[in-house]
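Novice: structural data only, the sequence is not supplied:
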């Protein structure tokens, strides 16, 4: 695998090296860095990865000067003109031939503090990789999406812009296609506003135009009821209202007394304190001859 940056550092400087690698990867640099690397021997794989890298970034410190691994890595970086980029964490001065090259000061560089040496390091790495204006991208506030969009539009060929475009395409591709029925309903709804009743028997406000595909959009007959149904609903509602009105108008009047059928008309027609005799006195049987009907 080819890398943009091969990171050379001493094991004692692993924390700052991890921060550098993380920040460079956020800028879409391909960085050769592994937190698990503990072997002090610069082996063949390390040499191949270094030779396949665009740049080598060395982090000088007192521990790095004494590291055989850093010495071997920087020797490869120095052997190819224009490959080595040097930074320093303290007042350490590396040995020859690295004393003559420029070193960017990363003293004080933390996850919350960005120093001038970091801007210069990123700009140098970007220049060697054909990238520009990375300083302005670093200074954009994290939540300023408008500024980010403007920068990406101004640098369409930068890996940051290419990555953002790839994310948008993946997000769009992940959206499920709308169901056929939902698509048909949306199409009919879009053409429904202010069109009046169509001539082919569809409901008011919806044009029953023929769909592009019978499989994608249901026919108008399958989606809407007949015109007669439009008039049935008001008639049913009117009937229910009439029933309530009649029931309220002709409801039984509350009276006191026993629950006797037609008691209200009786009370209204008889004087106060009187009741018709046929309601309270049993019928009188008249006597007559006894007939033997068994013979």
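Specialist: All right, it came through fine. Model, not experiment: these values are computed from the prediction.

Novice: burial count for residue 106?
Specialist: Neighbours of residue 106 under the rule other C-beta atoms under 10 Å: 23. Every residue, glycine included, has its C-beta placed from N, CA and C.

Novice: residue 161: which element?
Specialist: Element membership of residue 161, judged by DSSP states H and E, is helix 159-173.

Novice: which neighbouring elements make contact with that helix?
Specialist: Packing contacts for helix 159-173, counted by 3 or more C-beta pairs under 8 Å, 6 or more residues apart in numbering; DSSP states H and E, involve helix 145-154.

Novice: quick one: contacts of the host helix or strand of residue 85?
Specialist: Residue 85 is part of strand 84-88 when elements are defined by DSSP H and E. Applying C-beta atoms under 8 Å, 6 or more residues apart in numbering, the contact partners of strand 84-88 are 55-61, 74, 77-78, 94, 98, 101-107, 117, 121, 124-125, 128.

Novice: pLDDT on the helix or strand following that strand, on average?
Specialist: Using DSSP H and E, the helix or strand that follows strand 84-88 in sequence is strand 103-105. In this model, strand 103-105 has a mean pLDDT of 95.

Novice: elements contacting strand 103-105?
Specialist: Counting contacts by 3+ C-beta pairs under 8 Å, 6+ apart, strand 103-105 is packed against strand 84-88, helix 116-128.

Novice: Provide the contact partners of that strand at residue level.
Specialist: 60, 85-88, 94, 115-118, 120-121, 124.

Novice: let's see it at 7 Å
Specialist: Under the criterion C-beta atoms under 7 Å, 6 or more residues apart in numbering, residues 60, 86-88, 117, 120-121 lie in contact with strand 103-105.

Novice: how about stretch 10-27?
Specialist: With C-beta under 7 Å, 6+ apart as the test, stretch 10-27 has contacts from 5, 7, 9, 31, 33, 35, 38, 59, 61, 63-64, 67, 70, 89, 111, 122, 134, 160.

Novice: got a quick ChimeraX command for the buried subset of those residues?
Specialist: Remark: buried members of those, expressed as a ChimeraX selection using 16 or more other C-beta atoms under 10 Å:
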select :5,7,9,31,33,59,61,63,64,67,70,89,122,134,160
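
Novice: so which of the contacts of stretch 10-27 sit within strands?
Specialist: 5, 7, 31, 59 (DSSP state E).

Novice: tell me where the protein has helices.
Specialist: For the chain, the helices defined by DSSP state H cover 14-26, 44-51, 62-65, 68-79, 116-128, 134-139, 145-154, 159-173, 180-190, 220-223, 227-249, 263-269, 277-280.

Novice: turn the ones you listed into TSV, including mean pLDDT.
Specialist: Shown next, in TSV, are the helices of the chain (pLDDT from 0 to 100):
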stretch	mean pLDDT
helix 14-26	95
helix 44-51	92
helix 62-65	92
helix 68-79	91
helix 116-128	96
helix 134-139	96
helix 145-154	95
helix 159-173	90
helix 180-190	62
helix 220-223	44
helix 227-249	75
helix 263-269	53
helix 277-280	61
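
Novice: on that earlier part again, would you point out the most distant pair within the contacts of strand 103-105?
Specialist: 60 and 120 (14.8 Å; C-beta to C-beta).

Novice: more crowded one of the two?
Specialist: Taking neighbours as other C-beta under 10 Å, residue 60 and residue 120 compare with residue 60 leading, 24 against 17.

Novice: any idea how far the more buried one is from residue 52?
Specialist: Here the criterion is C-beta to C-beta, to the nearest Å. By it, residue 60 lies 23 Å from residue 52.

Novice: swap in residue 2?
Specialist: Distance from residue 2 to residue 52, by C-beta to C-beta: 5 Å.

Novice: one more: residue 172?
Specialist: From residue 172 to residue 52 the distance is 34 Å (C-beta to C-beta).

Novice: and those two? which has more neighbours close in?
Specialist: Using other C-beta under 10 Å, the more surrounded residue of residue 172 and residue 52 is residue 52, with 12 against 8.

Novice: the more buried one against residue 4, yeah?
Specialist: No: in this structure, residue 52 is not within contact of residue 4 by C-beta atoms under 7 Å, at 10.5 Å.

Novice: one step back: out of the helices and strands packed on strand 103-105, which one sits most buried?
Specialist: With neighbours defined as mean count of other C-beta atoms under 10 Å, the helices and strands packed on strand 103-105 peak in mean count at strand 84-88, which reaches a mean of 21.
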